[in-house]
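Enquirer: below: sequence and its predicted model.
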Amino acid sequence: MSSGQSARARGLAGCHSCLLVMSIDTEHCPRCHARVHSRTPNSLQRTVALIVVACILYLPANLLPITNTVYLGSYAPSTIIGGVITLWQMGSYPIALVILIASVLVPVGKLVVLSYLCWAASRPQLANPRQCARLYRLTEFIGRWSMIDVFVVAILVALIKLGNIISFYPGFAALSFAAVVIITMIAAEQFDPRLIWDNLESNDHD
Amino acid sequence: MTEPTATVSAARRISPIWFMPLLVILIGGWVTTHYYLSQGPLVEIAFATAEGLEAGRTRVRALSVDVGVVKDIQLTDDLQGVNVSVQLNPGTDRLLHADTQFWVVRPRLNASGVSGLGTLLSGPYIELYPGSDGKGERRYTGLDDAPHTPPGVAGVRVELFGTHASSVSVGAPILHRGLQVGQVESVDLDMARSQIRISAFIDAPFDQLVTEGTRFWNASGISLRTGAEGVQVDAESLTAVLSGGIAFAVPSQGTKGEPVEAGSRFELFASQQAAESDPYRFAKRYVLQFEQSLRGLDEGAPVEYRGIRVGTVERILREELAKAHTSAIAVPVVIRLEPGRFGMPDNAESVELLSERIEDTVATMGLRASLQTGNLITGGLFVAIDHHPDQQTAHIGEFNGLSTLPTISGGIERLGQQLSTLLSKLNALPLEQTTEELNSTLASARHTLQSIEQLSRSEAVTALPEQLAETLESARTLLDSLGQDSALQQEAERNLRTLDSTLRKANNLLDGLQAQPSSLLFPTQQAPDPEPRTPQ
């Protein structure tokens, strides 16, 4: 028996709420009375559904303007990619890169990684569990940083408000972008990483 | 006791989380549909230049109401202009028709005024004129400049053709009796006809004044005329002097006619005099072929029928001389006969009627054209049309697509013939004999006169006045003796009185005799005088 044997294999399960370890047959946690599951139920389905939601919301987040600038009576809407291109043309390469990474690469990467993990969890023979675990940790780590664009918009809107002379208004993209970030975080939360190691176990058994 | 064991199978149930993507799709779909439904039409307008236009800022207005904004400005593929994408507001579909017009309103300053001053601060904007016909499109061609006459204004637009523009500029006034009733919209060159084409717009209700008989003339600047009355300076309004102008009126000789339709063409005369002298628009052209010298016949010479002007010599076809190769070369002359001068209405029907009548008259009454001398000193010729019933019958022919009128020789040639006849008659006279007789008559007359002179110088004749004076003296003495207070006079008066009383008595006697003729034989019985008595 290797040290990597899972709790389920030993007939044990952990409570989701208070992390008490008990027999797998227990229906309710004796300490906090929460329902006890060996694995998060429907974890993959939930994750996939949320990834789909995030993908849908990602379209308006990029196509619609994230800010509407009113400058001397004229409206100038700008999208995320439009802003990046403008900054790049102006020569502000670092800021352009930061926005590109935080607003485009990170959310897209997160969605791709989560999709890959879900796929890997359902196709045990093909995946490398160690690599999957590393990807999962990375996803969890960078998830919180992708809200940077939303924060910038929120600050600009609050700071610059001079009526018709110059004002910023958040566009619909800001809302959907924030939704994308939150939903990918929830999706990452819903993914049960133990599924990765279940594969390893079943491989060992076979 | 065996415990009942339930076979637990993992039910492959669908998690309720799938409602999330469904909900998002629904919301997204609704938002997208709403967005596209709330968008107004997007139209593309082609302009020659995008001067002053700015994407995102330049507004589109219809009657000064904001109806949209310029979204994008792009150069056309051939780099000859710009395509301006315009996002119109929702609900503006009904503004777009096939004849919708777009133009850029910019500040404009010209002789007839200042316009678009408001755009100095706000920047240019695109004006949209909705129009009314046809279905809306997505691509339009914008006007280069704002139309001088806003579309939809009631009035009539006519085209004027002239030989030179002579200071008539766009925006110049159209004047009628000195009052501005319209303006010049465009001045350009008609390459095909090598003429200046001027588009003029006359505002309602003055468009009723533009009739078939109307003449337009250039009223620019100041006209200076010297004549018997001295120097005369004529000028229309000050604007017309500065920016040029066009005046119109119905000439005093012309007929008014019906109001014209939009787009009618008129000739633009150089001056009012030119317009007055050529007041007829419709004319029938004829070719006259003269086999005689045309010396003195000018283009523009009058054509007269029995001394009344009925037309003008339009052109002498010199180029036909080059083509002619027969010995008898007839020089063709084009004349125009104007029905208006015959007192007919100035329109196309009258031209038809006139040509029919002339055709009849040529065949039946010997109508012929001839050259006549109008001015003996300068030798100027004119064309006279008259009846010559003694001529052989002739018919209307055709020459270069124009009808021809038969001609007879006239003018100088005819005069020459008459002169030679006169001279030959003079030659035949017995002049020498007559002169001799005349000479002898004159000599005897002189002799008679001389003897009369001698008689008057004789003494008897000289003494006559003295004797006459004596006779007169004695006559006066005689008359004096017959004066009023003379004895002779008194005697005569006395005698006359006596005669008068005698005559009265004789008169009484005669009256008595008339009443009683018997009184001559019998004494008269006097009736007793009636005595008045008092009643008893």
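Expert: Arrived safely, thanks for sending. Just so it is clear, the model here is predicted, and its values are computed rather than measured. Numbering: from 1, shown residues only, chains lettered A, B, ... in the order given.
Enquirer: for the rest of this, base every contact and every neighbour count on C-alpha atoms.
Expert: OK.
Enquirer: which residue is the nearest non-sequential neighbour of the one residue in chain B that gets nearest to chain A?
Expert: Taking CA to the nearest CA, chain A has its nearest neighbour within chain B at B:Pro21, 4.6 Å off. Among residues not flanking B:Pro21 along the chain, A:Val53 sits closest, at 4.6 Å (CA to CA, 6 or more residues apart in numbering or on different chains).
Enquirer: doesn't B:Met20 make contact with the one you found?
Expert: Yes - with contacts counted by CA atoms under 8 Å, A:Val53 reaches B:Met20, the gap being 6.7 Å.
Enquirer: which one's more surrounded, those two?
Expert: Neighbours were counted for A:Val53 and for B:Met20 using other CA atoms under 10 Å in any protein chain shown; A:Val53 has more, 24 against 16.
Enquirer: point out the residues in chain B that sit beside chain A.
Expert: By CA under 8 Å from any CA of the partner chain, the part of chain B that sits against chain A consists of B:Ile14, B:Ser15, B:Ile17, B:Trp18, B:Met20, B:Pro21, B:Val24, B:Ile25, B:Gly28, B:Gly56, B:Arg57.
Enquirer: re earlier: tell me which element the residue nearest to B:Pro21 is part of?
Expert: helix A:43-63 (DSSP states H and E).
Enquirer: what's in contact with that helix?
Expert: A:79-81, A:111, A:114-115, A:118, A:172-177, A:179-181, A:183-184, A:186-188, A:190-192, B:14-15, B:17-18, B:20-21, B:24-25, B:28 (CA atoms under 8 Å, 6 or more residues apart in numbering or on different chains).
Enquirer: quick one: name whatever helix or strand follows that helix.
Expert: Following helix A:43-63 in sequence order, the next helix or strand is strand A:67-71 (DSSP H and E).
Enquirer: which residues does that following strand contact?
Expert: A:75-79, A:153, A:164-171, A:173-174.
Enquirer: intersect these with the contacts of chain B.
Expert: Contacts with chain B within the contacts of strand A:67-71, counted by CA under 8 Å from any CA: A:Tyr75, A:Ala76.
Enquirer: what about the contacts of strand A:67-71, which are in strands?
Expert: Using DSSP state E, A:Tyr75, A:Ala76, A:Pro77, A:Ser78, A:Ile166, A:Ser167, A:Phe168, A:Tyr169, A:Pro170 are the members of those that sit in strands.
Enquirer: count of neighbours near the second one?
Expert: Okay, so that is A:Ala76. Here the number of neighbours of A:Ala76 (other CA under 10 Å) works out to 15.
Enquirer: now the fourth one
Expert: The burial count assigned to A:Ser78 is 19, neighbours taken as other CA under 10 Å.
Enquirer: quick one: residues contacting the closest residue to it other than its chain neighbours.
Expert: Nearest non-adjacent residue to A:Ser78, counting by CA to CA, 6+ apart: A:Pro65, 4.8 Å away. Neighbouring residues of A:Pro65 by CA under 8 Å, 6+ apart: A:Pro77, A:Ser78, A:Thr79, A:Ile80, A:Gly171, A:Phe172, A:Ala173.
Enquirer: quick one on the thing from earlier: what subset of the contacts of strand A:67-71 is buried?
Expert: Buried members of these, scored by 16 or more other CA atoms under 10 Å in any protein chain shown, are A:Tyr75, A:Pro77, A:Ser78, A:Thr79, A:Val153, A:Ser167, A:Phe168, A:Tyr169, A:Pro170, A:Gly171, A:Ala173, A:Ala174.
Enquirer: on that earlier part again, now the contacts of A:Pro65 in TSV, with pLDDT?
Expert: Converted to TSV, the contacts of A:Pro65 look like this (pLDDT from 0 to 100):
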residue	pLDDT
A:Pro77	82
A:Ser78	84
A:Thr79	86
A:Ile80	86
A:Gly171	84
A:Phe172	84
A:Ala173	86
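Enquirer: which residue ranges of chain A form helices?
Expert: Assignment of helices within chain A using DSSP state H yields the ranges A:43-63, A:80-90, A:93-100, A:106-122, A:129-142, A:148-159, A:172-190, A:194-205.
Enquirer: which positions in chain A make contact with chain B?
Expert: Proximity of chain A to chain B (CA under 8 Å from any CA) is limited to residues A:42, A:45-46, A:49-50, A:52-53, A:56-57, A:73-76.
Enquirer: make JSON lines out of these and add pLDDT.
Expert: Shown next, in JSON lines, are the residues of chain A next to chain B (pLDDT from 0 to 100):
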{"residue": "A:Asn42", "pLDDT": "78"}
{"residue": "A:Gln45", "pLDDT": "85"}
{"residue": "A:Arg46", "pLDDT": "86"}
{"residue": "A:Ala49", "pLDDT": "89"}
{"residue": "A:Leu50", "pLDDT": "90"}
{"residue": "A:Val52", "pLDDT": "90"}
{"residue": "A:Val53", "pLDDT": "90"}
{"residue": "A:Ile56", "pLDDT": "88"}
{"residue": "A:Leu57", "pLDDT": "88"}
{"residue": "A:Gly73", "pLDDT": "66"}
{"residue": "A:Ser74", "pLDDT": "68"}
{"residue": "A:Tyr75", "pLDDT": "72"}
{"residue": "A:Ala76", "pLDDT": "77"}
